[in-house]
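Engineer: Everything below, folded, please.
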Amino acid sequence: MKFNKKLYIKTWGCQMNVYDSSRMADILAPLGYMTVEEPDDADMIILNTCHIREKATDKVFSEIGRLKIHKDKKVEAGGSMLMAVAGCVAQAEGDFIMKRAPTVDMIFGPQTYHELPEMVAKATGAYGENRIVNTEFPEKTKFDFLPEEQNQGASAFLSIQEGCDKFCTFCVVPYTRGAEYSRPVDKIVDEAKRLVDNGSKEITLLGQNVNAYHGENVDGKTWGLGRLIEAVAEIDGIEQIRYTTSHPRDVDQELIDAHRDVQKLMPFLHLPVQSGSDKMLKVMNRKHTADRYREIIADLKKARPDLVFSSDFIVGFPGETDQDHEDTMQLIRDVKFASAYSFKYSARPGTPAANMTNLVREDVKTVRLTQIQELIGEFQAEFNADTVGKTLPILFERKGKKEGQLQGRSPFYQAINVPANERLIGQIVDVHVTDSTGHALTGEVVTAVSTSENLTENIVKSA
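Structural biologist: Coordinates of the predicted model:
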């Protein structure tokens, strides 16, 4: 394949967006585009956006303004540069972006990027057209048209489910990603095998609501996530399995049993709860209670005692009182999350919560967010400190920031930095944990490359 064009992609948001950016690069490779780390002199720039965070659209416009300098400079030199905005902000506000940012050539949502070759042709004038807006939800899923994926490295993402039918009142995902769709089992297994052939040892199964997976097998039967995990674990070469992001309502017994029975499934689960207040959970349309969440955690811990959890929390949702906040603090104390993401509530246009009254003052949100983050930080630091002295299998993914250092993740998804030879990148290696901070570990290599057979033994032995 001959690469004669430069492609710069900037990605915001969730791991699904990271996966989408990788697939966009795969799609554009046959057209001669090679990904680059900097936008200077790029032939095409794609901003793959996320609508979850506060002021998401403003941040996109700010980035467009920054990158316009590079485009203008290249055009002045007699060249050309395509600028595209993709992802959830594009889906939700594509027409507005097109009107306000004339430097943007292409707008497309997360369900249409498989049509990139045609869009590029139109935007470059091959069909006598110029600017493109493509935010329709196609009848056929994009997964039917994607090329085979390129090498993602030792740790790879594999999208198995997309969209959401839950309609939480604060969330734009059902409107930007559409209804829940689950890929067929055979397509997922085939892609997992190709990822292994390209050197991947860890597979993270992705979905906006990943444990709502209900894909069809070749025999016509519908599989849930637990059964799919079992099938992926049977693939030679896959040594570690993770999945994200989950919804408490879709944790079923089959999935709980998978945590008990599938040794390659890592002992870490991100299970967003958003609030510990039943009143807030009802207003958010989460359709579970705080105690039901506690029951799910208890059932999972019974199945896999060393399982640790992370979560998401929205602070200052409309109508949240001091007692609601305290209920959330108590849930955090009860579960003792190993990590979590917490954010001040900010309205997303088009969502039911955007029209709610009884808003919480910003200074109150700030105090509550600080209290939650400090409490979670205590449990994270405590968990990391408890890891010191243990020997864990670590998948080294990349070079560290310091010379002679490699970075990896523990089975519990802790970041770890280790002095090690570059030849160990992409390998699973036993590491003795020597120190911890609130957010990361350090350690020393103590054994040769581990195998999937002794992986779980090492985790249990160190617990």
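Engineer: Can you show me the helices along this structure?
Structural biologist: 15-28, 56-76, 87-100, 116-123, 173-176, 185-197, 225-233, 253-261, 278-283, 290-303, 322-335, 362-387, 452-462 (DSSP state H).
Engineer: contacting residues around the shortest one?
Structural biologist: When you say that, I think you mean helix 173-176. Outside helix 173-176, the residues that touch it by C-beta atoms under 8 Å, 6 or more residues apart in numbering are 51, 88, 91-92, 109-110, 163-167, 208, 350-351. Backbone N, C-alpha and C define where each C-beta goes, glycine included.
Engineer: what ranges do the strands span in the stretch 101-250 of the chain?
Structural biologist: 106-108, 132-134, 155-159, 161-162, 181-182, 202-206, 215-216, 222-223, 240-244 (DSSP state E, counting those that start in this stretch).
Engineer: Show me the strands paired with the third one, marking each as parallel or antiparallel.
Structural biologist: Just to be clear, that refers to strand 155-159. With DSSP bridges as the criterion, the sheet partners recorded for strand 155-159 are strand 202-206 (parallel).
Engineer: same thing with the first one?
Structural biologist: For strand 106-108, the paired strands and their directions (DSSP bridges) are strand 82-86 (parallel), strand 132-134 (parallel).
Engineer: And the fourth one, by the same measure?
Structural biologist: Using DSSP bridges, the strands paired with strand 161-162 are strand 181-182 (antiparallel).
Engineer: centre of the chain versus the partner strand, how much separation?
Structural biologist: Taking C-alpha atoms, centre = their mean, to the nearest Å, one finds the center of strand 181-182 at 17 Å from the center of the full chain.
Engineer: How about stretch 372-389?
Structural biologist: Taking C-alpha atoms, centre = their mean, the mean C-alpha location of stretch 372-389 is offset from the chain mean by 23 Å.
Engineer: got it, and stretch 252-262?
Structural biologist: Centroid displacement of stretch 252-262 relative to its chain, using C-alpha atoms, centre = their mean, is 22 Å.
Engineer: Can I get it in PDB, CA atoms only?
Structural biologist: Once non-C-alpha atoms are left out, stretch 252-262 reads as follows in PDB (Å, rounded to 0.1, in the frame of the first residue of the first chain):
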ATOM      1  CA  ASP A 252     -27.400 -10.800  34.600                       C
ATOM      2  CA  GLN A 253     -26.500 -14.100  36.200                       C
ATOM      3  CA  GLU A 254     -24.700 -15.300  33.100                       C
ATOM      4  CA  LEU A 255     -22.400 -12.300  33.200                       C
ATOM      5  CA  ILE A 256     -21.800 -12.800  36.900                       C
ATOM      6  CA  ASP A 257     -20.900 -16.500  36.300                       C
ATOM      7  CA  ALA A 258     -18.400 -15.400  33.600                       C
ATOM      8  CA  HIS A 259     -16.500 -13.400  36.200                       C
ATOM      9  CA  ARG A 260     -16.400 -16.600  38.300                       C
ATOM     10  CA  ASP A 261     -15.500 -19.000  35.600                       C
ATOM     11  CA  VAL A 262     -13.500 -17.200  32.900                       C
END
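Engineer: buried stuff in that stretch?
Structural biologist: 254-256, 258-259, 262 (16 or more other C-beta atoms under 10 Å).
Engineer: check contacts around the nearest residue to residue 446 once chain neighbours are set aside.
Structural biologist: Nearest-residue entry for residue 446: residue 432, 4.6 Å, with adjacent residues in sequence omitted and distances by C-beta to C-beta, 6 or more residues apart in numbering. With C-beta under 8 Å, 6+ apart as the criterion, the residues that contact residue 432 are 389-391, 443-446.
Engineer: How many residues are close by residue 107?
Structural biologist: 25 (other C-beta atoms under 10 Å).
Engineer: I'd say it and residue 94 touch.
Structural biologist: Yes. Checked against C-beta atoms under 8 Å, the pair residue 107 and residue 94 is within contact range at 4.1 Å.
Engineer: Now do the shared contacts for the two.
Structural biologist: With contacts taken as C-beta under 8 Å, 6+ apart, the residues that reach both residue 107 and residue 94 are 85, 133, 135.
Engineer: Could you pull up the residues touching the first one?
Structural biologist: Which is residue 85. Contact analysis of residue 85 by C-beta under 8 Å, 6+ apart lists 46-47, 49, 60, 64, 94, 97, 101, 104, 106-108.
Engineer: give me that answer again for 10 Å
Structural biologist: 45-49, 60-61, 63-64, 91, 93-94, 97-98, 101, 104-109, 133 (C-beta atoms under 10 Å, 6 or more residues apart in numbering).
Engineer: is it in a bridge, and if so with what?
Structural biologist: residue 47, residue 107.
Engineer: Is residue 21 in contact with residue 14, as I believe?
Structural biologist: No. Counting by C-beta atoms under 10 Å, residue 14 is not a contact partner of residue 21; they are 11.2 Å apart.
Engineer: quick one: which of the two has more around it?
Structural biologist: Between residue 21 and residue 14, counting by other C-beta under 10 Å, residue 21 is the more crowded of the two (21 against 18).
Engineer: Tell me the spacing between that one and residue 92.
Structural biologist: In this structure, residue 21 lies at 18 Å from residue 92, with C-beta to C-beta, to the nearest Å as the measure.
Engineer: With residue 349 instead?
Structural biologist: Residue 349 sits 7 Å away from residue 92, taking C-beta to C-beta as the criterion.
Engineer: okay if I get the helices of the chain as TSV plus mean pLDDT and distance to residue 154?
Structural biologist: Below are the helices of the chain laid out as TSV (pLDDT from 0 to 100; distance: least, C-beta to C-beta, whole Å):
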stretch	mean pLDDT	distance to residue 154
helix 15-28	89	14
helix 56-76	89	30
helix 87-100	88	26
helix 116-123	88	27
helix 173-176	85	29
helix 185-197	95	10
helix 225-233	98	16
helix 253-261	98	23
helix 278-283	98	38
helix 290-303	98	27
helix 322-335	98	30
helix 362-387	97	21
helix 452-462	47	14
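Engineer: Let me have those in JSON lines, extended by distance to residue 415.
Structural biologist: Converted to JSON lines, the helices of the chain look like this (distance: least, C-beta to C-beta, whole Å):
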{"stretch": "helix 15-28", "distance to residue 415": "15"}
{"stretch": "helix 56-76", "distance to residue 415": "25"}
{"stretch": "helix 87-100", "distance to residue 415": "26"}
{"stretch": "helix 116-123", "distance to residue 415": "33"}
{"stretch": "helix 173-176", "distance to residue 415": "27"}
{"stretch": "helix 185-197", "distance to residue 415": "22"}
{"stretch": "helix 225-233", "distance to residue 415": "24"}
{"stretch": "helix 253-261", "distance to residue 415": "22"}
{"stretch": "helix 278-283", "distance to residue 415": "31"}
{"stretch": "helix 290-303", "distance to residue 415": "23"}
{"stretch": "helix 322-335", "distance to residue 415": "21"}
{"stretch": "helix 362-387", "distance to residue 415": "10"}
{"stretch": "helix 452-462", "distance to residue 415": "17"}
